[in-house]
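Undergrad: what's the 3D shape of this:
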Amino acid sequence: MSGREESATREETGEEATPARRAAVALIAAHRLLGREARALADGEKSASSSKDRAATVRRKQALLGDTCRYLSGAVSFLASVVGLQELGVDGQSPQDASGEPCTSLPALEDLGSDLFSLVFEELHKAIGALRKVYVPTLKHPDLAFPEDRAVMAEVVAHLRTGLALLESAHGDEEAEEESGGPGALDELEQICAPLPCLHGEMSDEAVIARVLNSPRLAAKTTMALRLQKRGATLA
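TA: Sure thing, here's the model as predicted:
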């Protein structure tokens, strides 16, 4: 059943999706879109006649993207358990005797407690942290510190933020401030993945500066051009 069909069924029955289910949908969407960035990275590595050092940087980005995908997969798996338990009404119930009293001498069902949610948060924070590392600039190749497809990665970041916000609203994350892959990393990723300013006629100085600041590759080329210009002026 597709997401749209499922939404229609829920609307017909008057059943509202829980925050955990909506968070799972957002994280699944982010996981799916990561394939586009991975393919774009692979295609770029094949087509570009780059140095060994540059190729190594691309491979590092690919490995970190793989880590992101793996952690996100773990978050979805744990979250699927949460959703399933919630929808079945399972929350640590014990077997009952003939009078309906709990029989605590027998094992109870899974308890929908904080531990399960903690596992979801842990994997999600790791995924966000790994994704942030994908775009950490290197000294030799700062132009590689950007997404191959800004629009797709901006959508991924939006899905991750939605999932994290829904989970925090449903079950507060007390350790969020201590995690390296929290909202702060998402803020940085939003800036990194922001679309470049559109060109409409002659650009103002402010628009040129904004475009350079939003593009590590363009910034690197601008720096190089300024250095060459300064070197030429010195020689003259």
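Undergrad: Give me the packing partners of the helix or strand where Ala63 lies, helices and strands only.
TA: Assigned by DSSP states H and E, Ala63 belongs to helix 52-88. Other helices and strands packing on helix 52-88, by 3 or more Cβ pairs under 8 Å, 6 or more residues apart in numbering; DSSP states H and E, are helix 19-47, helix 114-134. Just so you know, the C-beta spots here come from the backbone N, C-alpha and C atoms, and that holds for glycine as well.
Undergrad: gap between the two ends of stretch 133-151?
TA: In stretch 133-151, first residue to last residue: 19 Å (Cα to Cα, to the nearest Å).
Undergrad: List the buried residues in it.
TA: 133-135, 137, 141, 143-150 (16 or more other Cβ atoms under 10 Å).
Undergrad: Restricted to helices, list those residues.
TA: 133-134, 150 (DSSP state H).
Undergrad: ok so, going back, please identify which of the buried residues of stretch 133-151 is nearest to Glu188.
TA: Nearest to Glu188 among these: Tyr135, at 8.4 Å, using Cβ to Cβ.
Undergrad: for the closest one, what are its contacts?
TA: The contact partners of Tyr135, by Cβ atoms under 8 Å, 6 or more residues apart in numbering, come to 61, 145-147, 189, 192.
Undergrad: ok, which pair from those residues is furthest apart?
TA: Lys61 and Leu189 (13.8 Å).
Undergrad: Next, count neighbours for the residue nearest to Ala75 when sequence neighbours are not counted.
TA: Nearest residue to Ala75, sequence neighbours excluded (Cβ to Cβ, 6 or more residues apart in numbering): Glu123, at 3.8 Å. By the criterion of other Cβ atoms under 10 Å, Glu123 has 22 neighbours.
Undergrad: Comparing the helices and strands packed on helix 52-88, which comes out most buried?
TA: Of all those, helix 114-134 carries the top mean neighbour count, a mean of 21, counting by mean count of other Cβ atoms under 10 Å.
Undergrad: what angle do that one and helix 52-88 make?
TA: Helix 114-134 and helix 52-88 are oriented at 160 degrees to each other (axes from the mean of the first three to the mean of the last three Cα atoms, to 10 degrees).
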